[in-house]
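1. A structural model of the following input is requested.
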Amino acid sequence: MSTGREARHREIVERFEKVARANLETTAGVAVLCRAAGVTSRTLTRAFRATRGTTPLQYLHDLRLTEARHSLLSGYSDAKSVTEVATRFGFRELGRFAGEYRERLGETPSQTLRRTARTYPAEPAG
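-> Now for the predicted structure:
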């Protein structure tokens, strides 16, 4: 049986996640997203630790990395380069982005993009 506090934590996290997803392609940090979600940073951190076992910052970072991968994998996206995708999702240090991507996903972002390009070749013009 769930307590009122657990339900409140879940609601806070879900609200933050919705705001974070709506702002994925911005460089908005946790503090800005907290204000948009109507919650303090401290309360949000408690809610994330209680429900997800992580921090809001780590969640946001992981979400952006996952969405960057989805963009690289989408054969019909407008992703033309790894740099474009990385910067779109707020990654400014491209070497660090590539290293984290490879560590977590088992291939470099450029390998993902090349593989996708082979799977979904560009449409001929005209």
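2. from here on, contacts and neighbour counts on C-alpha atoms
-> Noted.
3. remind me which residues of the chain are low pLDDT?
-> The chain contains residues with pLDDT under 70 at 1-2, 75-79, 118-126.
4. residue boundaries of the helices in it?
-> With DSSP state H as the criterion, the chain has helices at 4-22, 30-37, 41-52, 56-73, 82-88, 94-105, 109-119.
5. CSV please, covering those helices and showing mean neighbour count.
-> Output for the helices of the chain, formatted as CSV (neighbours: other C-alpha atoms under 10 Å):
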stretch, mean neighbour count
helix 4-22, 16
helix 30-37, 17
helix 41-52, 17
helix 56-73, 19
helix 82-88, 19
helix 94-105, 15
helix 109-119, 16
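6. got the domain ranges for this structure?
-> 1-54, 57-126 (automatic domain parsing).
7. what's the spacing between the longest one and its chain's center?
-> With C-alpha atoms, centre = their mean, to the nearest Å as the basis, the distance from the averaged C-alpha position of domain 57-126 to the chain average is 11 Å.
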